[in-house]
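Trainee: next come a sequence and a model predicted from it.
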Amino acid sequence: MNAVSPGASALISDTVEVASLPAVVIRAMELLNDPGTSASDIGRIISQDPSLSVRLLKIVNSAFYGFPSRIETISRAITIVGTLELTDLILGSSAIHTFEKIPNRLVDMEEFWAHSLYTGIVARILARYLRAPNTERCFVMGLLHDVGTLVLYRQQPEPSRQALDLSSERLIPIHIAEREIFNFDHGEVGAALMHAWKLPESFIEVARHHHQPSAAECYRLETAVIHLSDVITCMAHGVTSRDRQAAPLEPGAWELTGLSVDVMEPVIAEADAQFGEARSALLTGLKAA
């Protein structure tokens, strides 16, 4: 694995104190590594956080999953969706509401997470096309791919503003502008945060290289999926204010996945059909900064 830039790592220590994952999430992730854990064990842990339980039940009962009958309990959701898959959903949902506590004057948080959520939905659909074993993991990778941006904006607001201005003035993608200003970009910062959160290496590698999947040493397929999902989201719904210029499609990204560009139209149609309910489940109550 490529080492994370020391400059990116230096931004993380204070952020981890402010944006730490809830104890419920950490405990649920620990239980996953215990082969003796049952669905009811994890269900009991998650149920200690009522708002998290409500969000999870809303998402599993939405068009995002399309189950024919209503799922009433977390343990039932785990049984149907899968332990690993639901724990990834817990991580994604909790990360959104963790960063809600951080004041951010450079970004509209609702707009930021709407872009991230749509990227995650597209990633989940592409993963299904690829028959990936864990489509929910791709969803959460897409949801969290730009989280380093929020750390940069919080810890280094003035240089971040300079990067945004540089992106706008020179018509270059924001991650290129960030490298000129900081010597690293939001992908490296996101990778450092995920390392501090003790997330799997796949999350770290995808966050670091989502703008350049060919640079990934491992998990190149997953990185390419998130890269394509980000590009497709920008094409389908425009560029958010935090990205003055859309990130360009890396040559060879489609070839890395083995998918055809022809899937874009049906993928966007499916993502549009799922987005409204997923947004209601995961983003309701977010405050615009």
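Mentor: Looks like it came in fine. Everything quoted here is computed from the prediction, not taken from an experiment.
Trainee: what is the burial count for residue 276?
Mentor: Other residues near residue 276 number 12, with proximity taken as other Cβ atoms under 10 Å. Just so you know, the C-beta spots here come from the backbone N, C-alpha and C atoms, and that holds for glycine as well.
Trainee: neighbours around the residue lying closest to it once chain neighbours are set aside, how many?
Mentor: On the basis of Cβ to Cβ, 6 or more residues apart in numbering, the spatially nearest residue to residue 276 that is not a chain neighbour turns out to be residue 63, at 7.8 Å. Applying the criterion other Cβ under 10 Å, we find 12 residues in the vicinity of residue 63.
Trainee: ok, residue 267 next?
Mentor: Applying other Cβ under 10 Å, we find 22 residues neighbouring residue 267.
Trainee: leaving out chain neighbours, which residue sits closest to it?
Mentor: Counting by Cβ to Cβ, 6+ apart, residue 125 is the residue found nearest to residue 267 once chain neighbours are left out, at 5.1 Å.
Trainee: now the residue nearest to residue 162 when sequence neighbours are not counted: which helix or strand?
Mentor: Distances taken as Cβ to Cβ, 6+ apart place residue 181 nearest to residue 162, at 5.4 Å, with adjacent residues excluded. Element membership of residue 181 [criterion: DSSP states H and E] is helix 174-182.
Trainee: that older thread, check what pLDDT the residue nearest to residue 267 gets.
Mentor: Listed pLDDT for residue 125 reads 97.
Trainee: quickly find the element holding it.
Mentor: With DSSP H and E as the test, residue 125 turns up in helix 109-129.
Trainee: I'd like the next helix or strand past that helix.
Mentor: Going down the chain from helix 109-129, the next helix or strand is helix 135-144, by DSSP H and E.
Trainee: which neighbouring elements make contact with that following helix?
Mentor: When contacts are defined as 3 or more Cβ pairs under 8 Å, 6 or more residues apart in numbering; DSSP states H and E, helix 135-144 sits against helix 83-99, helix 109-129, helix 201-209, helix 220-237.
Trainee: out of those helices, flag the one nearest residue 270.
Mentor: helix 109-129 (5.4 Å; Cβ to Cβ).
Trainee: which helices and strands does the closest one pack with?
Mentor: Checking 3+ Cβ pairs under 8 Å, 6+ apart, helix 109-129 ends up next to helix 83-99, helix 135-144, helix 147-155, helix 220-237, helix 264-283.
Trainee: for that helix, list the C-alpha coordinates in PDB.
Mentor: Once side chains and other backbone atoms are set aside, the C-alpha atoms of helix 109-129 remain, and they are given as PDB (Å, rounded to 0.1, in the frame of the first residue of the first chain):
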ATOM      1  CA  MET A 109     -23.600  19.700   3.800                       C
ATOM      2  CA  GLU A 110     -26.900  18.600   2.400                       C
ATOM      3  CA  GLU A 111     -25.600  19.100  -1.100                       C
ATOM      4  CA  PHE A 112     -22.300  17.400  -0.300                       C
ATOM      5  CA  TRP A 113     -24.000  14.300   1.100                       C
ATOM      6  CA  ALA A 114     -26.600  14.200  -1.700                       C
ATOM      7  CA  HIS A 115     -23.700  14.000  -4.200                       C
ATOM      8  CA  SER A 116     -22.000  11.300  -2.100                       C
ATOM      9  CA  LEU A 117     -25.200   9.300  -1.600                       C
ATOM     10  CA  TYR A 118     -26.000   9.300  -5.300                       C
ATOM     11  CA  THR A 119     -22.400   8.200  -6.000                       C
ATOM     12  CA  GLY A 120     -22.900   5.300  -3.500                       C
ATOM     13  CA  ILE A 121     -26.100   4.200  -5.100                       C
ATOM     14  CA  VAL A 122     -24.500   4.200  -8.600                       C
ATOM     15  CA  ALA A 123     -21.600   2.200  -7.100                       C
ATOM     16  CA  ARG A 124     -24.000  -0.300  -5.600                       C
ATOM     17  CA  ILE A 125     -25.700  -0.800  -9.000                       C
ATOM     18  CA  LEU A 126     -22.400  -1.100 -10.900                       C
ATOM     19  CA  ALA A 127     -21.200  -3.700  -8.300                       C
ATOM     20  CA  ARG A 128     -24.300  -5.700  -8.900                       C
ATOM     21  CA  TYR A 129     -23.600  -5.600 -12.700                       C
END
